[in-house]
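> Build the 3D model from these lines:
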Amino acid sequence: MSANRRVHALAEQVREFRPAHVAVADASAALPADGVVWHRGPDAVADLARLDGVDVVVNAVVGAAGLAPTLAALEEGKRVALANKESLVAGGDLVLGVAERTGGEIVPIDSEHSAILQCLAGCDRATVRRIVLTASGGPFRGRSADELADVRPADALRHPTWEMGAKITIDSATLANKALEVIEAHVLYGLEYDRIEAVVHPQSIIHSFVEFVDGSVLAQVGDPTMEIPILYALTWPDRIEDRCLQGYDPVASSPLTFEPIDEAAFPMFGVGVGAGRRGGVATAAFNAANEIAVAAFLEERCRFHDMADIVAGAIDFVGSGVPSSIDDVVRADEAARAYASESLASLRNG
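Next up, the predicted model:
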């Protein structure tokens, strides 16, 4: 098990589940003496991912920090059950290259990408016409750009469907999260961006669609719980019974509705997909600058729509060079963060 810096909360889980090894990224953390092997420091999570005897690494680290443990696990030929979409957004070609070289596996945990994986089971990828991702629309679905001008962090953190951490909840509010998932789908499934779409589906019951060349459409349907995609990532390609979950009730979940994404009200979606189309380190810049912008919004140092402008500027500044190593990705990440931070300083001074 691992955490960033919340040692006390982690220690409670350690006492309950008694893992053999535990990692804390905070190098200064005071660790309990409880008979468990504790690791700490910036490389501790990656070290955990390399351990002998580990078959599956569940990576749910927030942000670009998840790239290193993903690469570490794949270097050892392990399966990575991936909830850290930023690994593929920031370093997609590097991640795929390592997996191909070592025989490591990437199985997505994101509900949308788990849905696609399940719909593609037994299908020839050449028969896929397009993928359609679904988005809840977040807490501001239906609002215009003008109506979003003065929203506050507390408003953005009230997600109507999912209970998540602060960063991903803000990403859902701006639809940056859906742009990250479009990029992730491009990397995972090798489809051009013109064949990857997204629609707003506020009930979060249909998790994605796959349309085939003959016009057939498959969808994965279920209540909005992460238990199903997590379990599937651990057991893929097999399935085991989960007796704790109630069966899906189609009547109770009706009606199901769909809407187009309003890119005028939520420009971050277009900014992110545009970064994906540019390719190279542009996606790493998008991810990094977005992390800085989200943190600033949560601290009320910028407005809701300032975030998209800050991120777009950082992408233009960094460009789209092709990374040949993780160092190239790190440099792009750092440059985007520096640009975004300077943009925020200009906002405060202006």
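
> count of neighbours near Ala99?
A count of nearby residues for Ala99, using other C-beta atoms under 10 Å, gives 21. (C-beta placed from N, C-alpha, C; glycine too.)

> so where do the helices sit in this protein?
Along the chain, counting by DSSP state H, helices occupy 7-17, 44-50, 67-75, 86-102, 111-119, 153-156, 166-174, 176-189, 227-235, 267-278, 282-298, 306-318, 326-349.

> closest one to Arg141 among these?
Nearest of the helices of the chain to Arg141, taken as C-beta to C-beta: helix 166-174 at 9.5 Å.

> Can you give me the buried ones in the closest one?
167-174 (16 or more other C-beta atoms under 10 Å).

> which intervals of the chain have sub-threshold pLDDT?
Applying pLDDT under 70 to the chain flags residues 350.

> about what we covered before: to Thr134, which of the helices of the chain lies closest?
Thr134 lies closest to helix 111-119 among these, at 6.6 Å (C-beta to C-beta).

> How far off centre is the closest one?
Relative to the centre of its chain, helix 111-119 is centred 14 Å away, using C-alpha atoms, centre = their mean, to the nearest Å.

> Against which helices or strands is that helix packed?
Counting contacts by 3 or more C-beta pairs under 8 Å, 6 or more residues apart in numbering; DSSP states H and E, helix 111-119 packs against strand 105-108, strand 128-135, helix 176-189, strand 206-212, strand 217-221, helix 227-235.

> Please identify the most buried of those.
Most buried of the helices and strands packed on helix 111-119, by mean neighbour count (mean count of other C-beta atoms under 10 Å): helix 176-189, with a mean of 25.

> counting contacts, what elements does that one pack onto?
helix 86-102, strand 105-108, helix 111-119, strand 128-135, helix 166-174, strand 196-200, helix 267-278, helix 282-298.

> Of these, flag the one that's most buried.
helix 282-298 (a mean of 26).

> Which elements pack onto it?
Packing contacts for helix 282-298, counted by 3+ C-beta pairs under 8 Å, 6+ apart, involve helix 86-102, helix 153-156, helix 166-174, helix 176-189, helix 267-278, helix 306-318, helix 326-349.

> Having no further points to raise, I will conclude here.
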